[in-house]
Every structure is written in structure tokens, then in C-alpha cells.
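> Structure for the following, please:
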Amino acid sequence: MRKLIVLLALCQGVMAQPRENKPLPIFTKKPVKVIDDHIEGWCFSLDGQWVSKEMTIPPRLISTNEDSYDTKVNKLGNDNIEELQMYPILFGNDTLVMLVKLYKTGKYDYESTQRGWDDYLMAYYFVVDHKELLKLGKISTETSIIELQMRDFGTIGHTRSSSVLNDIKKKIIIKPKTDRFLTFTARKVEETSKIQFQFASLHDIFTDVEGVLNDFQIRGKSIYGNKELLNYMYYEIDTYEFQDFFSLPTQIKFDI
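Numbering: from 1, shown residues only. Next comes the predicted model:
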């Protein structure tokens, strides 16, 4: 009987403890910043020519073989951007930001005969503390590697610009930190008032590249997270547009 009384007392004590929920992320209804044009992709071709395409880093091919750039796979480039979106996030007492990169990918239904091509939109999302964005204001004419500590990241398949936020809400789990960084390779070109950049999700220890359509390797080794990357490929955008996109507005209305 004494054991039963003790057990009942313990159960009542456990049930009396308050249930504390972790905060849930609160977003703005729409992105506060969007870029869907004015980005030029550049690649240094195999025969030593710089080749460009709007919103796409062309594949590294022979520049004089123009037909090769028009195949369905190569039109996707080494990487491409359909749209960049920036969302502030309220998470408890923290203000975070989420960069969403919508990009196009595709495949053949029958790879051997290259028939039945289907392309579609996917998205990467990267969540960082809003203070991490301050690092992007220090880009100089020297190529630099800038690491933003991520608090969540992920991929959304077969999405649309208008529905990507709802898709992300079903997956996102904010953590104190992760083992990956949103890593920018960037430099400023004073003569043209432009910034040359590329970014990817890189692991803290392992050679593991995410956040781009295709990894880019030289001599069998990825050069993402290496200053050498900009000798081969990058995106280019007006410095003002870059800095304006990666800065939060003073007034933010969250969907509370």
C-alpha cells in the first residue's frame, strides 16, 4: 500500500509539471525582397573564353560549339536562378532570415534515347540569424570566402514561386545551429560597380556541396568554398542591388 501511495504521488507530480512548447517560426506573408532578373551568369569556357547567360551560369564547354549550349540539359547550366526570395522570421526572441533560391532542373523520362524531357522548379532554403547578413556588407575587391552559420536548410521539390513558403513551413525546424554554412565566394569590381559571387551550402568538415544545381570540380576536387571558383564561374549583379537585397527593411510586418 505504501508503494502504491508513493507511485500515485510521483504520477501526480509528473502531471503537475507545465508543458512548455518550443517557439514556432513566424514568417512574413510575402518575401520582403525578390530578385528575378538583372543577374548575369558567367563561365570560363574550355577554350579560354568568358561565356554569359542571364540568370544562368553556362556549362563549361567549348565556346565555338554553340549548338552544345542549346541542348535541354545544358540550357540548365552549371547552376541557375529563377528567383531569389528573402523572408524575415520571428522565432521566439530571435529575428532570423531565410534565403530561398528557386531554380530549374529537369530530366529525360528515357535517358538512353533522350526522349520525354521534363523540367520543373525546385527550391533551396537557407535560414541564418539576421546579424549574419552583416558579413555580406564587407565584400571588397579581394576575393573572399564568407561563411554564414545556418540554423536550418533544406530542399523543396516540384514547387512554384507562389507556393514555396507553404511548402517550406511543412519542413522547417529551427535549431540553435547546424553543421553547415551558407558560404559565399565574392568580390567587388569597382570599374563596373558590380559584385561577382556564388553561394552554396557547405559542411563544416566534409566536402559536401548542396544548394547548387551541379558541383564544380577541378582535377576531381570541388572548388566551392575556394577563392579559385571565381576564376571559372560566378554570378554578377549591380552592387547596390546585391546590398539592398541582403539587408532587412526597418519595418517588418509578421503574419501573427
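> Could you list the low-pLDDT ranges of the protein?
1-17 (pLDDT under 70).
> Relative to the longest strand along the chain, what are the paired strands and their orientations?
Scanning the chain for the strand with the most residues, using DSSP state E, yields strand 94-110. With DSSP bridges as the test, strand 94-110 is paired with strand 83-91 (antiparallel), strand 115-129 (antiparallel).
> unless I'm mixing things up, Asn231 is touching Phe44, no?
Yes - taking contacts as Cβ atoms under 8 Å, Asn231 lies within contact range of Phe44: 6.8 Å. The C-beta positions use only the backbone N, C-alpha and C, and glycine is treated the same way.
> more neighbours, these two?
Phe44 (17 against 12; other Cβ atoms under 10 Å).
> and stretch 150-160, which residues are buried?
150-154, 156, 159 (16 or more other Cβ atoms under 10 Å).
> in stretch 134-150, what's buried?
135-136, 139, 143-144, 146, 148-150.
> what about Phe242, which SS state?
Classification of Phe242 by DSSP: H, G, I helix; E, B strand; the rest coil places it in helix.
> okay, now it: neighbour count?
24.
> show me what contacts Tyr103?
79-82, 121-124, 213 (Cβ atoms under 8 Å, 6 or more residues apart in numbering).
> meant to ask about Gln85, not that
With contact set as Cβ under 8 Å, 6+ apart, Gln85 has these partners: 31, 33-34, 99-100, 102, 161, 164.
> beta partners for Pro88?
Val97.
> Skipping adjacent residues, who's closest to His203 in space?
Arg180 (5.6 Å; Cβ to Cβ, 6 or more residues apart in numbering).
> picking that back up, which of the buried residues of stretch 134-150 sits closest to Asp129?
Nearest to Asp129 out of those is Gln149 (Cβ to Cβ; 7.1 Å).
> Wasn't Gly137 part of a helix?
Yes - judged by three-state DSSP, Gly137 forms part of a helix.
> In this structure it contacts Gln243, no?
Yes - applying Cβ under 8 Å, one finds Gly137 in contact with Gln243, separated by 6.5 Å.
> returning to what we had before: can you put the strands paired with strand 94-110 in JSON lines and add distance to Lys253?
Listed next are these as JSON lines, based on distance: least, Cβ to Cβ, whole Å:
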{"stretch": "strand 83-91", "distance to Lys253": "9"}
{"stretch": "strand 115-129", "distance to Lys253": "19"}
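> Count the neighbours of Leu102 for me.
Per other Cβ under 10 Å, the neighbour tally for Leu102 reads 21.
> ok, now which ones touch it?
Applying Cβ under 8 Å, 6+ apart, we find Leu102 in contact with 81-85, 121-123, 159, 161, 164.
> 6 Å instead?
Going by Cβ atoms under 6 Å, 6 or more residues apart in numbering, Leu102 touches 82-83, 121, 123, 161.
> Among these, name the buried ones.
Those of the contacts of Leu102 that meet the buried threshold are 83, 121, 123, 161, by 16+ other Cβ under 10 Å.
> and the gap between the second one and Leu230?
Which is Leu121. 27 Å (Cβ to Cβ, to the nearest Å).
> do the same with the third one
Distance from Ala123 to Leu230, counting by Cβ to Cβ: 25 Å.
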